[in-house]
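S.K.: fold the following for me, if possible:
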Amino acid sequence: MKGARIPSSIQRSAKTFTGSQIKPEDVVVLLDGQTLVKDLDYKLTYGENIHAGDNAGVVNITLINGYSAKNGAVKT
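M.R.: Residues are numbered from 1 along each chain as shown. As a prediction, the model looks like this:
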């Protein structure tokens, strides 16, 4: 459902430190239990993502195609 409000949760998968920017592609975006489609329903952009440690990386999710949400469930 477009424009739905859902609780947010993030599950992270460990990434190996490489010294280079990491761009995780294993991101699943859910809205009201529906899996959205990358590049059709949302786009990903990334932070610097070169440092090791907890909370060291950033993945930005921008909803497109009329979708909006105050909170979303994201799994990586």
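S.K.: now do the buried residues in stretch 14-29.
M.R.: I22, V29 (16 or more other C-beta atoms under 10 Å). Any C-beta I mention is one placed from the backbone N, CA and C, and that applies to glycine too.
S.K.: mind checking the end-to-end distance for it?
M.R.: One end of stretch 14-29 sits 18 Å from the other (C-alpha to C-alpha, to the nearest Å).
S.K.: just give me how far stretch 29-43 sits from the chain centre.
M.R.: Put simply, stretch 29-43 sits 10 Å off its chain's centre (C-alpha atoms, centre = their mean, to the nearest Å).
S.K.: check contacts around the residue sitting furthest away from the middle of the chain.
M.R.: In the chain, counting by C-alpha atoms, centre = their mean, G19 sits farthest out from the average C-alpha position, at 21.5 Å. Going by C-beta atoms under 8 Å, 6 or more residues apart in numbering, G19 touches I50.
S.K.: please, which helix or strand holds it?
M.R.: Counting by DSSP states H and E, no helix or strand carries G19.
S.K.: state the distance from it to H51.
M.R.: In this view, G19 and H51 are 10 Å apart by C-beta to C-beta, to the nearest Å.
S.K.: show the pLDDT at K38.
M.R.: Per-residue pLDDT puts K38 at 90.
S.K.: the closest residue in space to it that isn't next to it in sequence sits in which helix or strand?
M.R.: Nearest non-adjacent residue to K38, counting by C-beta to C-beta, 6 or more residues apart in numbering: L44, 6.8 Å away. Using DSSP H and E, L44 sits in strand 42-46.
S.K.: these two touch, right, the residue nearest to K38 and V28?
M.R.: No. Counting by C-beta atoms under 8 Å, L44 does not reach V28; the two are 11.4 Å apart.
S.K.: next SSE after the worst-scoring helix or strand of the chain on mean pLDDT?
M.R.: None of the helices or strands of the chain scores lower by mean pLDDT, DSSP states H and E than strand 9-11, at a mean of 49. Downstream of strand 9-11, the next assigned helix or strand under DSSP H and E is strand 28-31.
S.K.: neighbouring strands for that following strand, and are they parallel or not?
M.R.: Strand pairing for strand 28-31, determined by DSSP bridges: strand 34-35 (antiparallel), strand 73-75 (antiparallel).
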